[in-house]
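*Asks:* Generate coordinates for the sequence data below:
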Amino acid sequence: MARTIVIIGGRGKVGSRLARILSAKGDTVKSLIRDPTHKDDITILGAQPVLQSIEDASVDQLAETFRGSDAVVFSAGAGGKGGPERTKKVDLEGAKKAIDATRQAGVKRFLMISAISARETHDIPAHWNEEDVQRFKRSHEILGRYNLAKAEADRYLAQQSELDWTILRPGALTEESGTGKVALGKIHLSGDATRDDVAATLSALLDKPKSKHLVLDMLNGDTPITEAVQKTVKDIEKGLW
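*Replies:* Model prediction:
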C-alpha cells in the first residue's frame, strides 16, 4: 500500500536519495526545502517540494504539513557548519519542533537520522574497544557541539513513547556508491557509511514497523540491508540486546 512520507531536509544528500527510493516504490513523498530555487531538484526525484524551513516554521505550521502522512523522516542537519547557534537551531531545536509537530499531527512513525558519535562524552558502550573510544574522543574534539545537540535531540525523541520512532546513527558519511550491505546495531566505529546505503536502510526501516523504539548504529558492512534490519528486529524480540 502506497504511503505518504514527509522528509525534513529534502534536498540534503541523504534526504534526496531517500526521496528517489520511496518515489520509485510508489510512495508519495513531501520534501521540505528552504530555497524555492530547489523545487525542480525535488520534482525530478519524483517528490513534491514543500517550501518550509525547519528553522523558521512553528510547530503548528509543521503539524499542518505533516497531517495525514504515514511517517516523518528528520534528515536535516547543520553538520557542524554555520557555527554553534545554527547547530542548535537545526539539529536540536529544529528536531524537537519536528517531533512535537508529528505528535500534534497525529502521525505515529518518526525516523531520525542521527550520528554514530551522538552521545555524551561519558556514554561509552560496553562492546566498544579502545580504538572505538579514541575515535569517539576525536569526533568530539572536532564536532562536539554537533554530537551533543544530536544526542539531546535523540533523548527527546526516545521519551515520546506514543510515537513509533527509530533512530539511525550512521558513521562518517561518504559519496561512494552504495554497497547494499551494512553493519547495524551494536557495532564498532571503524569504517564509514555511504549516503546511498543510509537512505536504503531508512527505506528498509520504514518497511519494518517492528523496528520501532530502536537506536541503531550503522556502518557499511557485510550483511544485506534488508537482512540486517530483519535480524536486528528478531534479536530485540529474542532479548539478545
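*Asks:* Now do the strands in this structure.
*Replies:* Here the chain has its strands, by DSSP state E, at 4-8, 28-33, 48-51, 71-74, 109-113, 164-170, 173-174, 181-185, 193-194, 214-220, 223-224.
*Asks:* Which one of those strands lies nearest to Asp132?
*Replies:* Smallest distance to Asp132 across these (C-beta to C-beta): 10.4 Å, for strand 214-220. Bear in mind the C-beta positions are built from the backbone N, C-alpha and C, glycine included.
*Asks:* State the mean pLDDT of the closest one.
*Replies:* Strand 214-220 shows a mean pLDDT of 95.
*Asks:* Check which helices and strands that strand is in contact with.
*Replies:* Applying 3 or more C-beta pairs under 8 Å, 6 or more residues apart in numbering; DSSP states H and E, one finds that strand 214-220 contacts strand 164-170, strand 181-185, strand 193-194, helix 195-206, helix 225-237.
*Asks:* Give me the residues contacting the longest one.
*Replies:* The contact list for helix 225-237, computed with C-beta atoms under 8 Å, 6 or more residues apart in numbering, reads 180-185, 197, 200-201, 204-205, 208, 210-211, 214, 216, 221, 223, 241.
*Asks:* in it, what counts as buried?
*Replies:* 225, 228-230, 232-233 (16 or more other C-beta atoms under 10 Å).
*Asks:* Lys150 - how many residues pack around it?
*Replies:* Using other C-beta atoms under 10 Å, the number of residues around Lys150 comes to 26.
*Asks:* got it, and Phe136?
*Replies:* Phe136 has 20 nearby residues by other C-beta under 10 Å.
*Asks:* Got phi/psi on the residue nearest to it when sequence neighbours are not counted?
*Replies:* Take Phe136 and drop its neighbours on the chain: the residue closest to it by C-beta to C-beta, 6 or more residues apart in numbering is Ser117, 5.6 Å away. Here is the backbone geometry of Ser117 (degrees, to the nearest 10): phi -100, psi 20.
*Asks:* Can you get me a residue count around Ser117?
*Replies:* 26.
*Asks:* what does Ala24 give?
*Replies:* 11.
*Asks:* just checking, it touches Gly46?
*Replies:* Yes. Counting by C-beta atoms under 8 Å, Ala24 touches Gly46, with 6.8 Å between them.
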